[in-house]
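Student: Quick one, fold the following:
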Amino acid sequence: MMARPLRFWESSLFAAFLFRQTGGRAAKSTCYTIRRLSTQPARLPRMDYQDAICTLNTLQTNASFLEQVKRERGQPQMQLEAMRLFLQRVGLKVEDLDQLNIIHVTGTKGKGSTCAFAEKILRNYGLRTGFYSSPHLVQVRERIRINGQPISKELFTKYFWQVYNRLEKTKDAHYGTMPAYFRFLTLMAFHVFLQEKVDLAIIEVGIGGAYDCTNIIKTPWVCGVSSLGIDHTSILGDTIEKIAWQKGGIFKLGVPAFTVKQPEGPMRVLAERAQEIGCPLHVCPDLTQYECEGHRLPLGLAGAHQRSNASLALQICRSWLQHRGFYADFPSIEKMEQPTQALLNSRPAMATAFLPSSAMATGLRETEWPGRTQTLKHGPITYYLDGAHTTRSIQACVDWFRETAMLEEKTTVGSVVRVLLFNATGERDSPALLKLLVPCQFDCAVFCPNITEAVSSASADQHNYNVTVENMLTRCLDNQKSWRWLSEKEVVPRAELLLPGGLPLMTGTVHRGVESLVFPCIHSALRWITQGRDPVIGYSGKPSTLATMQPGAIAGARTLQEAANIQVLVTGSLHLVGGVLKLLDPVLSQ
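Tutor: Numbers count the residues shown, from 1 in each chain. Sure thing, here's the model as predicted:
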């Protein structure tokens, strides 16, 4: 998000805070500072990387796209037809995408991790891989990877202008339309992978499946569906069954598909979609079934929920390798159950477990996927990073954090302080997500928008022109209010309140209130949390005006300064996690 100098942010947040506290009376003199960010003046591009990013950002809110949305509303099929036309304007045909030997993956939770597992496995077979994912954490070019690495700035710039200029030259003949941000990057990814002659491309769906712009793919080699849940309800529907129908839209006639175990309702819908389309669908077994003869399968991604993603990746890779004729060092596999009768009964057949090859086992062990159940240790500060943003993924995050943080706490001499750094965006139900986080027993909760730094030099890769500043700040204040209400209702069991010797401190129960603060950007939030104890973040030694005027900030700062270990869970948004990573690892921005 484009940022202004810190004075703007402090006054904006203070004004928003006063407005909420006084019903607008005391804030009249200061609320004028909260404005929609003005449009940047047009300039001729120099066609370097930063100009490419700035030009890409104009596709977030351009007027032609708004007109396009109006035309397509109520006719979702038009979205795919529009994407095909954009592809033609770039100089490609849908049939050209068949050269990419595509693996197409959708799901609500875990689709990115599944793709990351699959990419690493197949790269271990000596294949040149392409991988398209979203969103990015720090730089846009992370979305388009070759052999596991984001394409270079030079390649991004080269291919961006090739695609953009072709679309720009043809827009007058097409009512002035240009593809929106995600559509453009999808077109660019296809172009890059074809030009770079990858052996295969792993394509992660953006939203849903049936009408997602990636679904112009006609003949993928294999499809996958990770765990399903409630998300993007305004687009996909308000029940998990409706969402399952959308996800099953990536199935193709005769193309093998795999899914993880799902609740009965969405599983039935997936099976019906597979039968309707003519797609052989199988359910992946538990990962333990692959771990026979003493062969354990350690994973590079932490968390019990990653085991189902790993099983899905194994089945996807086995299917792709077999269909492509890769039999070297791959054990023969028992033929899977035929799906016909099972599909008639709306119960997909179970895929057969097998003994993974050494390349597969190594791939699972060495997979890295930043921002998902990731731990970073900076001296006395331990950062736990997970971009979970649905109820199911937040619960998985909580399970991972509580287990991992407790193990660290057992080896720590001295006090341990737990801090939550949270933000949620869009239509997501923040109170429902925060409620799941209460059992983590945080000593403090901090809320901030997905803005890395409140300075004009903030990276253009993380600009967001679709949300106003006041909406971001108001959302943070709403989150704080929800957290206060939830934490004050938390009941501490009497067993936790004992004096030495086991005597109860109180005869009943007590309600625990947790301090909470709001900051205008990620950097200011981390500066307060770390209190100068992480040299990467830095600290002026003097608390900000914004911090000191919030209740509990001074006492909380003393607690953080004296702690032997500070455990910081960053969650609720991948964009928030990306902003934190940008600050913790400046190399990611280079």
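
Student: hey, let's count contacts and neighbours off CA atoms from now on
Tutor: OK.

Student: Low-confidence ranges, this protein, go.
Tutor: Filtered on pLDDT under 70, the chain yields the residue ranges 1-46, 61-74, 293, 327-346, 455-467, 489-513, 540-548.

Student: Can you give me the domain assignment for it?
Tutor: As assigned by automatic domain parsing, the chain contains the domains 49-366, 374-493+507-589.

Student: Can I get the ones you listed in CSV including mean neighbour count?
Tutor: Output for the domains of the chain, formatted as CSV (neighbours: other C-alpha atoms under 10 Å):
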stretch, mean neighbour count
domain 49-366, 19
domain 374-493+507-589, 19
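
Student: Can you report phi and psi for Met448?
Tutor: Actually, residue 448 is Cys. It isn't Met. Taking degrees, to the nearest 10, you get phi -160, psi 160 for the backbone angles of Cys448.

Student: Also the one 4 residues further on?
Tutor: Dihedral pair for Thr452: phi -70, psi -60, per degrees, to the nearest 10.

Student: next one: Asn101
Tutor: phi 50, psi 60.

Student: And the one 5 residues further on, by the same measure?
Tutor: Note on Thr106: backbone dihedrals following degrees, to the nearest 10 are phi -130, psi -180.

Student: Please tell me I have it right and it contacts Ala210.
Tutor: No - between Thr106 and Ala210 there is no contact under C-alpha atoms under 8 Å: 10.0 Å.

Student: any residues in contact with both of those two?
Tutor: 247, 250 (C-alpha atoms under 8 Å, 6 or more residues apart in numbering).

Student: pretty sure Glu95 contacts Ile216?
Tutor: No - with contacts counted by C-alpha under 8 Å, Glu95 stays clear of Ile216, the gap being 9.7 Å.

Student: Now do the strands in the stretch 101-250 of the chain.
Tutor: Secondary structure of the stretch 101-250 of the chain (DSSP state E, counting those that start in this stretch): strands located at 103-106, 129-132, 144-146, 149-150, 200-204, 222-225.

Student: just checking, what packs against the second one?
Tutor: It stands for strand 129-132. The helices and strands touching strand 129-132, judged by 3 or more C-alpha pairs under 8 Å, 6 or more residues apart in numbering; DSSP states H and E, are helix 111-123, strand 144-146, helix 181-195, strand 200-204.

Student: Given the last one, what are its sheet partners and their directions?
Tutor: Okay, so that is strand 200-204. Strands that pair with strand 200-204, judged by DSSP bridges, come out as strand 103-106 (parallel), strand 129-132 (parallel).

Student: just to revisit the earlier point, and the helices and strands packed on strand 129-132 as JSON lines, adding distance to Ala82?
Tutor: Converted to JSON lines, the helices and strands packed on strand 129-132 look like this (distance: least, C-alpha to C-alpha, whole Å):
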{"stretch": "helix 111-123", "distance to Ala82": "25"}
{"stretch": "strand 144-146", "distance to Ala82": "22"}
{"stretch": "helix 181-195", "distance to Ala82": "10"}
{"stretch": "strand 200-204", "distance to Ala82": "19"}
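
Student: would you turn the strands paired with strand 200-204 into a markdown table with distance to Ala424?
Tutor: Listed next are the strands paired with strand 200-204 as a markdown table, based on distance: least, C-alpha to C-alpha, whole Å:
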| stretch | distance to Ala424 |
| --- | --- |
| strand 103-106 | 22 |
| strand 129-132 | 24 |
